[in-house]
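Enquirer: Generate a structure from the sequence data that follows.
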Amino acid sequence: MLDILKAIVIGIVEGLTEFLPISSTGHIDLVSQVVTINQSKDFMAMFEYVIQFGAILAVILLYFNKLNPLDWRKPKPERNSIWLLWAKVVVAVLPSVAIGLPLNDWMDEHLHTPAVVATTLIVYGVLFIIIENAFRDRAPRIATVADISFQTALFIGLFQALSIVPGTSRSGATILGAIILGASRVAATEFSFYLAIPTMVGVSILKIGKFLMNGNSFTGDQWAILLTGMVVSFLVAVVSIKWLLRFVKTHDFKPFGWYRIALGVVVFALLLF
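Expert: Numbers count the residues shown, from 1 in each chain. So this is what the prediction gives:
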(Lines give C-alpha, C1' and ligand atoms only; values in the text may rest on other atoms or scores of the structure.)
Protein backbone atom coordinates (compact mmCIF):
# COMPACT_ATOMS: atom_id res chain seq x y z
CA MET A 1 0.00 0.00 0.00
CA LEU A 2 2.86 2.39 0.80
CA ASP A 3 4.39 1.80 -2.65
CA ILE A 4 1.03 2.63 -4.25
CA LEU A 5 0.98 5.96 -2.39
CA LYS A 6 4.53 6.64 -3.56
CA ALA A 7 3.49 5.81 -7.14
CA ILE A 8 0.70 8.38 -6.79
CA VAL A 9 3.22 11.02 -5.71
CA ILE A 10 5.55 10.23 -8.62
CA GLY A 11 2.57 10.15 -11.01
CA ILE A 12 1.55 13.64 -9.87
CA VAL A 13 5.09 14.91 -10.45
CA GLU A 14 5.17 13.30 -13.90
CA GLY A 15 1.78 14.68 -14.93
CA LEU A 16 2.71 18.19 -13.79
CA THR A 17 6.14 18.29 -15.41
CA GLU A 18 5.95 16.22 -18.61
CA PHE A 19 4.75 19.09 -20.80
CA LEU A 20 6.07 22.04 -18.83
CA PRO A 21 9.62 22.93 -19.98
CA ILE A 22 11.16 22.02 -16.61
CA SER A 23 12.16 18.34 -17.15
CA SER A 24 9.89 15.56 -15.96
CA THR A 25 12.73 13.03 -15.86
CA GLY A 26 14.84 15.42 -13.83
CA HIS A 27 12.04 16.00 -11.33
CA ILE A 28 11.28 12.28 -11.06
CA ASP A 29 14.98 11.53 -10.51
CA LEU A 30 15.09 14.10 -7.72
CA VAL A 31 11.81 13.02 -6.12
CA SER A 32 12.90 9.37 -6.30
CA GLN A 33 15.84 10.23 -4.05
CA VAL A 34 13.25 10.79 -1.29
CA VAL A 35 10.19 8.82 -2.39
CA THR A 36 11.74 5.38 -2.89
CA ILE A 37 9.54 2.55 -4.13
CA ASN A 38 10.56 -0.84 -2.76
CA GLN A 39 11.11 -2.58 -6.09
CA SER A 40 14.08 -3.84 -8.11
CA LYS A 41 16.47 -1.49 -9.90
CA ASP A 42 15.33 -2.88 -13.28
CA PHE A 43 11.69 -2.19 -12.49
CA MET A 44 12.36 1.38 -11.33
CA ALA A 45 14.49 2.11 -14.41
CA MET A 46 11.49 1.07 -16.51
CA PHE A 47 8.81 2.60 -14.28
CA GLU A 48 10.26 6.13 -14.29
CA TYR A 49 9.96 6.24 -18.09
CA VAL A 50 6.82 4.21 -18.76
CA ILE A 51 4.56 6.25 -16.46
CA GLN A 52 5.18 9.04 -18.97
CA PHE A 53 2.94 7.07 -21.33
CA GLY A 54 0.04 8.02 -19.06
CA ALA A 55 0.79 11.68 -19.68
CA ILE A 56 0.99 11.02 -23.44
CA LEU A 57 -2.52 9.56 -23.33
CA ALA A 58 -3.66 12.98 -22.11
CA VAL A 59 -2.40 14.53 -25.38
CA ILE A 60 -4.14 11.82 -27.41
CA LEU A 61 -7.40 12.46 -25.54
CA LEU A 62 -7.31 16.26 -25.82
CA TYR A 63 -6.16 16.36 -29.45
CA PHE A 64 -7.78 13.19 -30.78
CA ASN A 65 -10.13 14.97 -33.17
CA LYS A 66 -7.43 17.36 -34.36
CA LEU A 67 -4.93 14.54 -34.95
CA ASN A 68 -7.28 11.87 -36.34
CA PRO A 69 -7.00 11.62 -40.16
CA LEU A 70 -9.28 8.57 -40.35
CA ASP A 71 -12.54 10.39 -39.61
CA TRP A 72 -14.31 10.29 -42.97
CA ARG A 73 -16.75 12.96 -41.82
CA LYS A 74 -13.95 15.47 -42.22
CA PRO A 75 -13.43 17.08 -45.64
CA LYS A 76 -10.65 15.48 -47.68
CA PRO A 77 -8.41 18.59 -47.56
CA GLU A 78 -8.61 18.52 -43.74
CA ARG A 79 -7.71 14.82 -43.63
CA ASN A 80 -4.81 15.43 -46.00
CA SER A 81 -3.51 18.26 -43.82
CA ILE A 82 -3.57 15.94 -40.79
CA TRP A 83 -1.59 13.29 -42.68
CA LEU A 84 0.87 16.02 -43.64
CA LEU A 85 1.19 17.03 -39.99
CA TRP A 86 1.91 13.42 -38.99
CA ALA A 87 4.56 13.22 -41.70
CA LYS A 88 6.26 16.27 -40.20
CA VAL A 89 6.06 14.71 -36.74
CA VAL A 90 7.75 11.56 -38.06
CA VAL A 91 10.52 13.63 -39.63
CA ALA A 92 11.01 15.51 -36.36
CA VAL A 93 11.30 12.25 -34.40
CA LEU A 94 14.05 10.80 -36.62
CA PRO A 95 16.97 12.62 -34.90
CA SER A 96 15.90 11.27 -31.50
CA VAL A 97 15.82 7.76 -32.93
CA ALA A 98 19.20 8.13 -34.65
CA ILE A 99 20.95 9.83 -31.72
CA GLY A 100 18.99 8.81 -28.64
CA LEU A 101 18.57 5.10 -29.31
CA PRO A 102 22.26 4.15 -29.37
CA LEU A 103 23.11 6.47 -26.46
CA ASN A 104 20.13 5.70 -24.22
CA ASP A 105 21.72 3.01 -22.07
CA TRP A 106 24.96 4.97 -21.70
CA MET A 107 23.05 8.07 -20.59
CA ASP A 108 21.08 6.04 -18.03
CA GLU A 109 24.26 4.55 -16.57
CA HIS A 110 26.44 7.67 -16.47
CA LEU A 111 24.35 10.86 -16.46
CA HIS A 112 21.34 10.12 -14.26
CA THR A 113 22.85 11.99 -11.31
CA PRO A 114 21.62 14.99 -9.28
CA ALA A 115 24.67 17.02 -10.38
CA VAL A 116 23.93 16.52 -14.08
CA VAL A 117 20.23 17.27 -13.57
CA ALA A 118 21.04 20.45 -11.61
CA THR A 119 23.47 21.61 -14.30
CA THR A 120 21.07 21.13 -17.19
CA LEU A 121 18.23 22.72 -15.22
CA ILE A 122 20.32 25.86 -14.80
CA VAL A 123 21.79 25.93 -18.32
CA TYR A 124 18.44 25.65 -20.07
CA GLY A 125 16.84 28.02 -17.59
CA VAL A 126 19.40 30.66 -18.56
CA LEU A 127 18.81 29.89 -22.24
CA PHE A 128 15.06 30.39 -21.91
CA ILE A 129 15.60 33.83 -20.37
CA ILE A 130 18.20 34.83 -22.99
CA ILE A 131 16.12 33.63 -25.95
CA GLU A 132 12.92 35.25 -24.69
CA ASN A 133 14.73 38.58 -24.16
CA ALA A 134 16.43 38.37 -27.55
CA PHE A 135 13.22 37.61 -29.46
CA ARG A 136 10.65 39.57 -27.46
CA ASP A 137 10.13 42.17 -30.22
CA ARG A 138 10.29 39.71 -33.11
CA ALA A 139 7.06 38.73 -34.85
CA PRO A 140 7.02 34.93 -35.28
CA ARG A 141 7.06 33.76 -38.89
CA ILE A 142 5.43 30.45 -37.87
CA ALA A 143 2.08 31.33 -36.32
CA THR A 144 0.52 27.85 -36.24
CA VAL A 145 1.66 24.23 -36.34
CA ALA A 146 0.42 24.00 -39.95
CA ASP A 147 3.03 26.63 -40.91
CA ILE A 148 5.93 24.41 -39.81
CA SER A 149 7.83 23.12 -42.85
CA PHE A 150 9.51 19.73 -43.12
CA GLN A 151 12.92 21.39 -42.80
CA THR A 152 11.89 23.26 -39.65
CA ALA A 153 10.37 20.05 -38.24
CA LEU A 154 13.70 18.27 -38.74
CA PHE A 155 15.60 21.07 -36.98
CA ILE A 156 13.12 21.00 -34.09
CA GLY A 157 13.76 17.27 -33.92
CA LEU A 158 17.49 17.93 -33.58
CA PHE A 159 16.73 20.12 -30.58
CA GLN A 160 14.55 17.35 -29.14
CA ALA A 161 17.51 14.96 -29.38
CA LEU A 162 19.31 17.15 -26.83
CA SER A 163 16.79 16.00 -24.23
CA ILE A 164 18.50 12.61 -23.89
CA VAL A 165 20.64 14.39 -21.27
CA PRO A 166 18.72 14.16 -17.95
CA GLY A 167 17.33 17.46 -16.70
CA THR A 168 17.16 19.00 -20.17
CA SER A 169 13.40 18.53 -20.69
CA ARG A 170 12.07 17.10 -23.95
CA SER A 171 9.36 19.76 -24.12
CA GLY A 172 11.84 22.46 -23.08
CA ALA A 173 14.31 21.55 -25.82
CA THR A 174 11.67 21.37 -28.55
CA ILE A 175 9.91 24.57 -27.47
CA LEU A 176 13.20 26.46 -27.22
CA GLY A 177 14.30 25.16 -30.62
CA ALA A 178 10.98 26.00 -32.27
CA ILE A 179 11.06 29.55 -30.90
CA ILE A 180 14.63 30.05 -32.15
CA LEU A 181 13.49 28.81 -35.57
CA GLY A 182 10.69 31.40 -35.66
CA ALA A 183 7.65 29.68 -34.18
CA SER A 184 5.13 31.38 -31.95
CA ARG A 185 4.93 30.15 -28.37
CA VAL A 186 1.57 28.46 -29.02
CA ALA A 187 2.81 26.70 -32.19
CA ALA A 188 6.02 25.64 -30.44
CA THR A 189 4.08 24.26 -27.48
CA GLU A 190 1.51 22.37 -29.55
CA PHE A 191 4.16 20.82 -31.81
CA SER A 192 6.02 19.73 -28.69
CA PHE A 193 2.85 17.96 -27.54
CA TYR A 194 2.54 16.13 -30.86
CA LEU A 195 6.19 15.06 -30.87
CA ALA A 196 5.69 13.53 -27.44
CA ILE A 197 3.30 10.89 -28.80
CA PRO A 198 5.66 8.79 -30.99
CA THR A 199 8.69 9.68 -28.87
CA MET A 200 7.31 8.50 -25.54
CA VAL A 201 5.42 5.53 -27.01
CA GLY A 202 8.75 4.40 -28.51
CA VAL A 203 10.62 4.96 -25.25
CA SER A 204 7.96 3.04 -23.30
CA ILE A 205 8.21 0.06 -25.65
CA LEU A 206 12.01 0.20 -25.44
CA LYS A 207 12.05 0.27 -21.63
CA ILE A 208 9.45 -2.49 -21.21
CA GLY A 209 11.35 -4.61 -23.74
CA LYS A 210 14.63 -4.09 -21.90
CA PHE A 211 12.94 -4.96 -18.57
CA LEU A 212 11.60 -8.25 -19.98
CA MET A 213 14.78 -9.12 -21.88
CA ASN A 214 16.74 -8.86 -18.63
CA GLY A 215 14.78 -11.88 -17.43
CA ASN A 216 12.18 -9.96 -15.44
CA SER A 217 8.43 -10.42 -15.41
CA PHE A 218 5.70 -8.27 -13.91
CA THR A 219 4.35 -9.23 -10.51
CA GLY A 220 0.88 -8.23 -9.38
CA ASP A 221 2.32 -5.51 -7.15
CA GLN A 222 4.40 -4.13 -10.01
CA TRP A 223 1.40 -3.98 -12.33
CA ALA A 224 -0.52 -2.11 -9.63
CA ILE A 225 2.34 0.36 -9.08
CA LEU A 226 2.87 0.98 -12.80
CA LEU A 227 -0.82 1.39 -13.66
CA THR A 228 -1.36 3.67 -10.66
CA GLY A 229 1.49 5.93 -11.75
CA MET A 230 0.20 6.02 -15.34
CA VAL A 231 -3.42 6.78 -14.40
CA VAL A 232 -2.40 9.56 -12.00
CA SER A 233 0.02 11.08 -14.51
CA PHE A 234 -2.73 10.99 -17.17
CA LEU A 235 -5.26 12.82 -14.98
CA VAL A 236 -2.79 15.45 -13.82
CA ALA A 237 -1.38 15.93 -17.35
CA VAL A 238 -4.84 16.78 -18.71
CA VAL A 239 -5.00 19.72 -16.30
CA SER A 240 -1.36 20.66 -16.90
CA ILE A 241 -1.74 20.76 -20.70
CA LYS A 242 -4.85 22.94 -20.56
CA TRP A 243 -3.17 25.32 -18.13
CA LEU A 244 0.02 25.60 -20.21
CA LEU A 245 -1.87 26.43 -23.40
CA ARG A 246 -3.75 29.23 -21.63
CA PHE A 247 -0.51 30.48 -20.06
CA VAL A 248 1.57 30.73 -23.27
CA LYS A 249 -1.11 32.78 -25.01
CA THR A 250 -0.40 35.72 -22.72
CA HIS A 251 2.99 34.99 -21.11
CA ASP A 252 6.52 34.10 -22.14
CA PHE A 253 8.66 31.22 -20.86
CA LYS A 254 10.93 33.25 -18.59
CA PRO A 255 9.13 32.16 -15.37
CA PHE A 256 10.03 28.58 -16.24
CA GLY A 257 13.62 29.68 -16.83
CA TRP A 258 13.82 31.28 -13.39
CA TYR A 259 12.21 28.22 -11.81
CA ARG A 260 14.78 25.93 -13.45
CA ILE A 261 17.65 28.09 -12.21
CA ALA A 262 16.27 28.22 -8.66
CA LEU A 263 15.70 24.46 -8.54
CA GLY A 264 19.15 23.76 -9.93
CA VAL A 265 20.75 25.98 -7.28
CA VAL A 266 18.76 24.23 -4.54
CA VAL A 267 19.92 20.82 -5.79
CA PHE A 268 23.56 21.94 -5.82
CA ALA A 269 23.16 23.36 -2.33
CA LEU A 270 21.76 20.05 -1.09
CA LEU A 271 24.65 18.19 -2.69
CA LEU A 272 27.18 20.47 -1.01
CA PHE A 273 25.65 20.63 2.45
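
Enquirer: Check whether Arg138 sits in a helix, strand or coil.
Expert: coil (DSSP: H, G, I helix; E, B strand; the rest coil).

Enquirer: Do I have it right that Thr189 meets Arg246?
Expert: No - Thr189 lies out of contact with Arg246 (CB atoms under 8 Å); the separation is 10.8 Å. Backbone N, C-alpha and C define where each C-beta goes, glycine included.

Enquirer: what do the two both touch?
Expert: Residues touching both Thr189 and Arg246 by CB atoms under 8 Å, 6 or more residues apart in numbering: none at all.

Enquirer: quick one: which of the two has more around it?
Expert: Thr189 (26 against 10; other CB atoms under 10 Å).

Enquirer: where does that one land on pLDDT?
Expert: Per-residue pLDDT puts Thr189 at 95.

Enquirer: next one: the one 4 residues further on
Expert: On the pLDDT scale, Phe193 is placed at 93.

Enquirer: can you confirm it is in a helix?
Expert: Yes - Phe193: assigned to a helix according to three-state DSSP.

Enquirer: And the nearest residue to it once chain neighbours are set aside, which helix or strand is it part of?
Expert: Leaving aside its sequence neighbours, Phe193 sits nearest to Val59 (CB to CB, 6 or more residues apart in numbering; 4.9 Å). Assigned by DSSP states H and E, Val59 belongs to helix 52-67.

Enquirer: Could you list every helix and strand that that helix packs against?
Expert: helix 2-17, helix 76-95, helix 185-213, helix 220-248 (3 or more CB pairs under 8 Å, 6 or more residues apart in numbering; DSSP states H and E).

Enquirer: and that helix, which residues are buried?
Expert: Within helix 52-67, the residues that qualify as buried by neighbour count (16 or more other CB atoms under 10 Å) are 52-59, 62, 67.

Enquirer: closest to Val9 among those?
Expert: Closest approach between these and Val9, by CB to CB: Gly54, at 14.1 Å.

Enquirer: these two touch, right, that closest one and Ile8?
Expert: No - Gly54 lies out of contact with Ile8 (CB under 8 Å); the separation is 11.9 Å.

Enquirer: hmm, back to that, specify which member of the buried residues of helix 52-67 is nearest to Val89.
Expert: Nearest member of those to Val89, counting by CB to CB, is Leu67, at 9.0 Å.

Enquirer: neighbours around the closest residue to the closest one other than its chain neighbours, how many?
Expert: Distances taken as CB to CB, 6+ apart place Ile82 nearest to Leu67, at 6.5 Å, with adjacent residues excluded. Neighbouring residues of Ile82 were enumerated by other CB under 10 Å; the total is 19.

Enquirer: Can you name the residues that contact Ile82?
Expert: 66-69, 74.

Enquirer: same deal with Ala143?
Expert: Per CB under 8 Å, 6+ apart, neighbours of Ala143: 184, 187.

Enquirer: where does it land on pLDDT?
Expert: 92.

Enquirer: State the distance from it to Ile12.
Expert: 34 Å (CB to CB, to the nearest Å).

Enquirer: Pretty sure Pro127 sits against Gly257.
Expert: To be clear, residue 127 is Leu; Pro isn't right here. Yes - at 7.5 Å, Leu127 counts as touching Gly257 under the criterion of CB under 8 Å.

Enquirer: thinking again about what came up before, do you know which of the helices and strands packed on helix 52-67 lies nearest Ile261?
Expert: Across the helices and strands packed on helix 52-67, closest to Ile261 is helix 2-17 (CB to CB), at 15.9 Å.
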